[in-house]
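A.B. asks: I'll drop the sequence and a predicted model, then ask my questions.
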Amino acid sequence: IQEIAKAVISIRESKLPNPKILGNSGSFFKNPMITQTHFEQLLLKYPEIPNYPLDEPLVKIPAAWLIDQLGFKGTQHGAAGVHEKQALVLVNHGNASGKDILALAQQIQKAVQEIFEITLETEVNIL
């Protein structure tokens with residue numbers, strides 16, 4: 001069990017920023033589930049789109065892939081940013097406020113909606 005735990009920690013450390021060094025909330029968005037029909041339409045335009053078939057008629061799409069396709073991964077918007085290794089993780093590069101992080105999240109949600117017609121839901125609780 002210790003070896004498995006070490007492997008999991010190693011994988012997490014390679015993909016996620018250390019919150020002691022770079023403030024973050026972990027995965028910010030949920031992976032959306034779309035209809036099979038919507039997926040087939042996207043597949044025509046994006047044949048490389050990763051997917052995880054669920055019970056008919058839904059398909060799960062990685063939110064990180066959607067965000068990465070729109071060029072957000074590794075970008076910084078003021079002190080708020082999208083992590084360079086994992087597009088699901090929004091980070092605080094110093095003095096970003098909660099409003100700054102939320103504004104970036106909403107910008108990402110709007111872009112994903114406009115391009116892919118998919119609504120991204122947040123995984124974090126926003127108070």
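C.D. replies: Nice, I can see it.
A.B. asks: would you confirm that residue 117 contacts residue 35?
C.D. replies: No. Contact criterion Cβ atoms under 8 Å: residue 117 and residue 35 do not qualify, at 10.9 Å. C-beta coordinates here come from the backbone N, C-alpha and C atoms, glycine included.
A.B. asks: middle-most residue in the chain, spatially?
C.D. replies: residue 88 (2.4 Å; Cα atoms, centre = their mean).
A.B. asks: so who does that residue touch?
C.D. replies: 27-29, 63-64, 67 (Cβ atoms under 8 Å, 6 or more residues apart in numbering).
A.B. asks: in strands, which of those appear?
C.D. replies: residue 27 (DSSP state E).
A.B. asks: of the contacts of residue 88, closest to residue 100?
C.D. replies: Taking Cβ to Cβ as the measure, residue 100 lies nearest residue 28 of the contacts of residue 88, at 13.3 Å.
A.B. asks: what about the helices in the protein?
C.D. replies: Using DSSP state H, the helices of the chain run over 2-15, 36-45, 63-69, 98-116.
A.B. asks: where does this structure have low pLDDT?
C.D. replies: The chain contains residues with pLDDT under 70 at 5-23, 127.
A.B. asks: any idea how far residue 121 is from residue 30?
C.D. replies: Going from residue 30 to residue 121 by Cβ to Cβ, to the nearest Å gives 5 Å.
A.B. asks: of the two, who's got more company?
C.D. replies: residue 30 (14 against 11; other Cβ atoms under 10 Å).
A.B. asks: residues in contact with that one?
C.D. replies: So residue 30 contacts 63, 120-123 (Cβ under 8 Å, 6+ apart).
A.B. asks: show me how to select, in ChimeraX, the buried members of these.
C.D. replies: Remark: buried members of the contacts of residue 30, expressed as a ChimeraX selection using 16 or more other Cβ atoms under 10 Å:
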select :63,120,122
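A.B. asks: quick one, what contacts residue 123?
C.D. replies: 26-30.
A.B. asks: swap in residue 117?
C.D. replies: Residue 117 touches residue 38, counting by Cβ under 8 Å, 6+ apart.
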